[in-house]
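[1] when you get a sec, could you give me coordinates for this:
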Amino acid sequence: MRLCGVLVLVLTTVLCVPALQRSPRERRYYIAAVEIDWNYSGTKGYDYFLLFLFQNASLYVTYKKVVFREYEAGFTRAKAHPSWLGLMGPTLRAEEGETIVVTFKNMAAGEYSIHPHGIAYGKQSEGAYYFDNTSQNEKRDDVIRPNEEHVYYWEVTAEVSPQRNDPSCLTYSYVSHRTVVEDYNSGLIGALLICKHGKTGPFEPIGKGKASLFVQHNLESKYTPKYKSKDDDDEHIKYTINGYTDGTLPDVWVCAHTSVSLHFLGMSSDPEVFSVHMNGQVLQQDGHKVSSVGLVSGTCATASMTAVHPGRWLLSSHTFKHMEGKVCVTSARAISRVWTYYIAAEEVVWDYAPDMPYLTNSPVRIGQKYKKAVFTLYKNESFTEKAENQQRKNELGILGPVIRAQIRDVIVFKNMASRPYSIYPHGLTIEKSQEGVNYPAGGEAKNTQGKVSHDKICLSKSIKVPV
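    So this is what the prediction gives:
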């Protein structure tokens, strides 16, 4: 009897709530799964034809993909999709106290669904296909067949909304959950932003938020190249930003001196770590100033920045294989002494194991000594007298000198090696002339690119620690 009494009390409370409270607001989205042709280089038309003919054709093949796209009600007209979003679906936004109503239509040939992360939903709005011992009525949302529709209701409750010390909007994702790995490799993924009350406007999106997907695509799936090359055996894995490789992500415009929210998603078929970095910018995450944002596969992150210096800046992952695969200061004093650091790149023969006799060079051993290029600190602008003593050098090993820079300090770099090198500071906002970074082909900014120092040349430009 006690159990029944509790049930009646709960039901009575639920039935009385609509009479006492105003119905929650709804944000309606009309999302479809559609098939598109996609090449990861971002090239089209005649440019694409020339690249296919005269460069590595495997980089410019066209793939059949299935992606999320937003439509007007009735699914008769697609809404505009920003080019920089690439393969990503539209960014869905809602704030605390609202209900997201997604009408999903499958306009592709396979079976798909739409499943959210980081939000509350009932079993009929889960959109995930697995054995859960539920009724047939509760499984209608699991798989949507071609040309069929389903309406999903996702609730933005106080429990899933940003708390007082959180950013204005938290970053989550939505995916197709029919066959998760295959579906996201096809392109069925998008960003879902859950915001504090009053941070999105009546029904308007956040105009200053940018979403980026750092992803490893495994192309060994049923979505094969439309035009296949002989040399594409090693091209099944691609590291992309929003589906673009080799610096071909279309320009994402940000107004100078404007605070911008950055929303990052990381996805891959295998365990993966991304180190998201934006050249010349200082990011803020969880109340800390950082030079990069870490992502592991299947996670999302929220950061912010204020763009200070105009220019075209590189967004990339600083994990080495991604780059190879083409992907608190003190307050300023009124009068401050300027310290100048003279740093050179020079070649040395480095012994990795000086106290291990069994690693000596021999016909069967490569030995422990290698030619390396290292950063060395000098005392003067002529680079004739080294500043580091031998004891300090032994402590640092192959690392360059420790720079304790303050506001307005200057770093002068000279290349004394036989190959071109540069010096790039993490955690500083810098001007384009001080950047010193080579961009991927197709992503280079003409006439605004920082310089790289070549053989025996001391650049007149210096890196200045900004205020």
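[2] give me the below-cutoff pLDDT ranges for this protein.
    The chain contains residues with pLDDT under 70 at 1-24, 43-60, 199-235, 320-338, 357-358, 390-392, 406-408, 441-467.
[3] how does it divide up, domain by domain?
    26-324, 340-464 (automatic domain parsing).
[4] and those, which is most packed in?
    Comparing those by mean neighbour count (mean count of other CB atoms under 10 Å), domain 26-324 ranks first with a mean of 18. To be clear about C-beta, it is placed using only N, CA and C from the backbone, and glycine gets the same treatment.
[5] how far off centre is that one?
    Computed by CA atoms, centre = their mean, to the nearest Å, the chain-centroid distance of domain 26-324 equals 10 Å.
[6] which helix or strand contains residue 350?
    Taking DSSP states H and E as the criterion, residue 350 maps to strand 340-351.
[7] mind listing what that strand pairs with, with the direction of each?
    strand 369-378 (antiparallel), strand 410-415 (parallel) (DSSP bridges).
[8] residues in contact with that strand?
    With CB atoms under 8 Å, 6 or more residues apart in numbering as the test, strand 340-351 has contacts from 368-381, 383, 387, 398, 400-401, 403, 405, 409-418, 421, 423, 453, 462.
[9] returning to what we had before: possible to save the strands paired with strand 340-351 as CSV with distance to residue 315?
    Formatted as CSV, the strands paired with strand 340-351 follow (distance: least, CB to CB, whole Å):
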stretch, distance to residue 315
strand 369-378, 26
strand 410-415, 24
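[10] of all these, which lies closest to residue 304?
    When the strands paired with strand 340-351 are compared by CB to CB, strand 410-415 sits nearest residue 304, at 27.0 Å.
[11] my guess is residue 242 meets residue 88, correct?
    Yes - Residue 242 is in contact with residue 88 according to CB atoms under 8 Å; the separation is 5.4 Å.
[12] tell me which stretches of the stretch 201-350 of the chain form strands.
    209-218, 237-241, 259-267, 273-278, 283-285, 288-290, 292-296, 299-306, 315-317, 340-351 (DSSP state E, counting those that start in this stretch).
[13] now the angle between strand 273-278 and the third one, please.
    What it means is strand 259-267. 160 degrees (axes from the mean of the first three to the mean of the last three CA atoms, to 10 degrees).
[14] all helices for the chain, in order.
    2-20, 45-54, 180-186, 320-324, 390-396 (DSSP state H).
[15] who is the residue lying closest to residue 167 once chain neighbours are set aside paired with across the strands?
    Closest residue to residue 167 apart from its sequence neighbours, by CB to CB, 6 or more residues apart in numbering: residue 302 at 4.8 Å. With DSSP bridges as the criterion, residue 302 is bridged to residue 263.
[16] make sure residue 302 is actually in contact with residue 170.
    Yes - under the criterion of CB under 8 Å, residue 302 makes contact with residue 170 at 5.9 Å.
[17] now do the shared contacts for these two.
    With CB under 8 Å, 6+ apart applied, the contact sets of residue 302 and residue 170 do not overlap.
[18] now do the strand holding residue 350: distance to the chain's middle.
    Per CA atoms, centre = their mean, the centroid offset for strand 340-351 relative to its chain is 33 Å.
[19] contacting residues around residue 423?
    Contact analysis of residue 423 by CB under 8 Å, 6+ apart lists 343, 345, 375, 411, 413, 436, 463.
[20] typo on my end, residue 127
    Taking CB under 8 Å, 6+ apart, one finds 104, 113-116, 141-142, 152, 176-177 in contact with residue 127.
[21] the same query, at a cut-off of 7 Å, please.
    Residue 127 is in contact with 113-115, 141-142, 152, 177, counting by CB atoms under 7 Å, 6 or more residues apart in numbering.
[22] could you do residue 299 as well?
    Contacts were defined as CB under 7 Å, 6+ apart; by that measure residue 299 touches residue 266.
[23] make it 10 Å
    Shown in contact with residue 299 (CB atoms under 10 Å, 6 or more residues apart in numbering): 117, 171, 173, 264-267, 274.
[24] name the nearest of the residues you listed relative to residue 61.
    Using CB to CB, the contacts of residue 299 come closest to residue 61 at residue 267, 21.5 Å.
[25] surely the closest one is in contact with residue 186?
    No - at 11.8 Å, residue 267 does not count as touching residue 186 under the criterion of CB atoms under 10 Å.
[26] against residue 341, how distant is the nearest residue to residue 350 once chain neighbours are set aside?
    Among residues not flanking residue 350 along the chain, residue 372 sits closest, at 4.5 Å (CB to CB, 6+ apart). From residue 372 across to residue 341, the span is 21 Å (CB to CB, to the nearest Å).
[27] try residue 300
    Distance of residue 300 to residue 341, given as CB to CB: 38 Å.
[28] same check on residue 154?
    According to CB to CB, residue 154 stands 53 Å off from residue 341.
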